[in-house]
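**Q** Okay, sequence plus prediction incoming.
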Amino acid sequence: MKIKINLALLFICVFLSACASTEQDKRPAWIDNAQGSYAESDYLTAVGQASKRDRAGKNAVANLAEIFFVNVKAETHTLTEATKTQSALGVSSESSTNLQRSIQTETDQALSGVIIKETWLSPSGEYYALAVLAKRPAAETLYESIMELDNSIAQLIDYSANTAPNTILSINALRKARDQQLRRHMANLQLKQLSRGGLPADISGAQIEKLIADKLASLQLSVDVDSATHKKTIQSGLAGLGVSIVDNSDLQVSADLDISDPAQLEGWYWLRGSYALSLSENGQVISRKRWPVKVSAKQQEQLNHRLQDNINSKIADYLVELLSDTPSF
C-alpha cells in the first residue's frame, strides 16, 4: 500500500518554520544524526533530498511517513489475509479497502504536526530538508481515534445482541465491529511507535470472531429451491459457514436465476443474466442480493453445466454477502 500524505495541508505551515535554514558550505550534523538535536524519545525525524527546496521538504515528509507506517503497512496485509481465510465471514474487498483508507486518514492526522525544521543547500546545488514530528501530540491524536473506535465497537456489539430487528442486521453489526477492531489494531500499532505502550482493547478481534461464529451457529435455515442439485449447493455453502440446515424454519433461503437465451458469437455460445439469493424471516424478505453471471462454451449443451459450476464456485461468497452485508432488495 503506497503512502499518500496530504502535502498541500502540511506545507502551509511547514516552510514557515524553515526560515532558520542554513545555506553554508559545511554539511550540518542533522543530515546524518538528527537525533543529536531532536531526541528519538520525543521526536520522529527524517531527511529529504532534492534539487529544489520544496521538493526536498516533501521528500523528507514522505520519508518520515514511511518510517512511521512501514510496520503497520506490512501487518495490514498479513492480518487481513489471515482474517479472510480464518473467519467465517472473511474480509470483503470493500472492508479491506475501507481499512486501508482509514489507516491512511489516521496517518495523515497524526502527521499533520510535521514541520520542516532545517534546510541546507549544499555546494553542489542539492537541497536537504529535515522533517520533525513531535511524538506526544501525534500520539494524542491516535489515542482519541482509538477511543472513538472502542466506543463504536461496543455500540455495534450491543446493537447486535439487544436491538437489531432481524438476523441480518445483527450479523452485519458484528461484521462491522470486527472490521473496526482491525482498524483499531492498526491504529494501536501506530500509537506504539509514538509512545511506550499502546492502549489495551476492551474486546479482542478473536472475541468478536467468536460472537460471529456463535451467531451463525445459532441460525437454523431451510432452503427453498426447485433444483435438487442447486439446493445441495446452497446447503453445502451454508454448512461451510457453520449454519444449521433444517427442513422447515422461520429463516428461509431462496434463489432466482434470470438467464437470457443462448447467443452465438464467433464460434462460442454465451449465457448471460443474473443470479439472486433471498433470505426471508417469517415470510418477509430481509435481504436480497443479485450478481451478474456469464458463461461460454464451444458446445451449446455445455452451457448449463458451466453455469452451475460457476455458481458452485462462488456460492460461499454469495452467501456471506447475503447474510452479513448491509441488506439490499
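**A** Received, thanks.

**Q** Just to be sure, I286 is in a strand?
**A** Yes. I286 sits within a strand when classified using DSSP: H, G, I helix; E, B strand; the rest coil.

**Q** Checking L277 next. Helix, strand or coil?
**A** When the structure is reduced to helix, strand and coil (three-state DSSP), L277 reads as strand.

**Q** Give me the neighbour count for it.
**A** Burial measure for L277: 22 neighbouring residues, criterion other Cβ atoms under 10 Å. Glycine gets a C-beta too; all of them are placed from N, C-alpha and C.

**Q** And for T326?
**A** Using other Cβ under 10 Å, T326 is surrounded by 11 other residues.

**Q** helix or strand for the nearest residue to it once chain neighbours are set aside, which one?
**A** Nearest residue to T326 in three dimensions, chain neighbours excluded: N172, at 6.0 Å (Cβ to Cβ, 6 or more residues apart in numbering). Counting by DSSP states H and E, the element that carries N172 is helix 167-194.

**Q** same question, K58
**A** If you go by DSSP H and E, K58 is part of helix 53-86.

**Q** ok, which stretches of this protein are strands?
**A** For the chain, applying DSSP state E gives strands covering 43-50, 115-121, 127-134, 220-224, 244-245, 251-259, 263-265, 268-281, 284-297.

**Q** Show me this structure divided up by domain.
**A** Here the domain assignment for the chain is 7-139, 144-217, 219-324, based on automatic domain parsing.

**Q** Least reliable of the ones you listed by average pLDDT, please.
**A** Set side by side, those show their lowest mean pLDDT on domain 7-139, which sits at a mean of 79.

**Q** can you give me how far the helix holding N172 is from the chain middle?
**A** When distances are taken as Cα atoms, centre = their mean, to the nearest Å, helix 167-194 is centred 9 Å away from the chain's centroid.

**Q** How about stretch 275-287?
**A** Stretch 275-287 has its average C-alpha position 28 Å from the chain's average C-alpha position, going by Cα atoms, centre = their mean.

**Q** Tabulate the CA atom coordinates of it in PDB.
**A** These are the backbone C-alpha positions of stretch 275-287, laid out as PDB (Å, rounded to 0.1, in the frame of the first residue of the first chain):
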ATOM      1  CA  TYR A 275     -28.400 -14.800 -10.100                       C
ATOM      2  CA  ALA A 276     -30.200 -13.700  -6.900                       C
ATOM      3  CA  LEU A 277     -30.400 -15.100  -3.400                       C
ATOM      4  CA  SER A 278     -33.100 -14.000  -0.900                       C
ATOM      5  CA  LEU A 279     -33.400 -14.500   2.800                       C
ATOM      6  CA  SER A 280     -36.800 -14.400   4.400                       C
ATOM      7  CA  GLU A 281     -37.700 -14.300   8.100                       C
ATOM      8  CA  ASN A 282     -41.300 -15.300   9.000                       C
ATOM      9  CA  GLY A 283     -42.300 -14.900   5.300                       C
ATOM     10  CA  GLN A 284     -40.800 -11.400   5.000                       C
ATOM     11  CA  VAL A 285     -37.700 -10.800   2.800                       C
ATOM     12  CA  ILE A 286     -35.000  -9.200   5.000                       C
ATOM     13  CA  SER A 287     -32.100  -9.400   2.500                       C
END
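
**Q** Buried residues in it, which are they?
**A** Y275, L277, S278, L279, S280, E281, I286, S287 (16 or more other Cβ atoms under 10 Å).

**Q** Name the nearest residue to the last one, ignoring sequence neighbours.
**A** Nearest non-adjacent residue to S287, counting by Cβ to Cβ, 6+ apart: P327, 4.1 Å away.

**Q** burial count for that neighbour?
**A** Burial of P327 is recorded as 17 neighbouring residues (other Cβ under 10 Å).

**Q** Between the buried residues of stretch 275-287, which sits nearest Y43?
**A** Closest approach to Y43 among the buried residues of stretch 275-287 (Cβ to Cβ): S287, at 50.8 Å.

**Q** pretty sure the closest one is in contact with L323, am I right?
**A** Yes. With contact defined as Cβ atoms under 8 Å, S287 reaches L323; the gap is 7.4 Å.

**Q** Need the overlap of contacts for the two.
**A** Jointly contacting S287 and L323 under the rule Cβ atoms under 8 Å, 6 or more residues apart in numbering are I168, L279.

**Q** and the gap between S152 and R183?
**A** When Cβ to Cβ, to the nearest Å is applied, the distance between S152 and R183 equals 10 Å.

**Q** So these two - more neighbours on which side?
**A** A side-by-side neighbour count of S152 and R183, using other Cβ under 10 Å, places R183 first with 24 against 16.

**Q** How about the contacts made by the more buried one?
**A** Under the criterion of Cβ under 8 Å, 6+ apart, the contact partners of R183 comprise L99, S102, I103, L149.

**Q** List just the nearest of those residues to T233.
**A** Relative to T233, the closest of the contacts of R183 is L99; by Cβ to Cβ it sits at 30.9 Å.

**Q** Could you check how far the closest one is from Y143?
**A** 19 Å.
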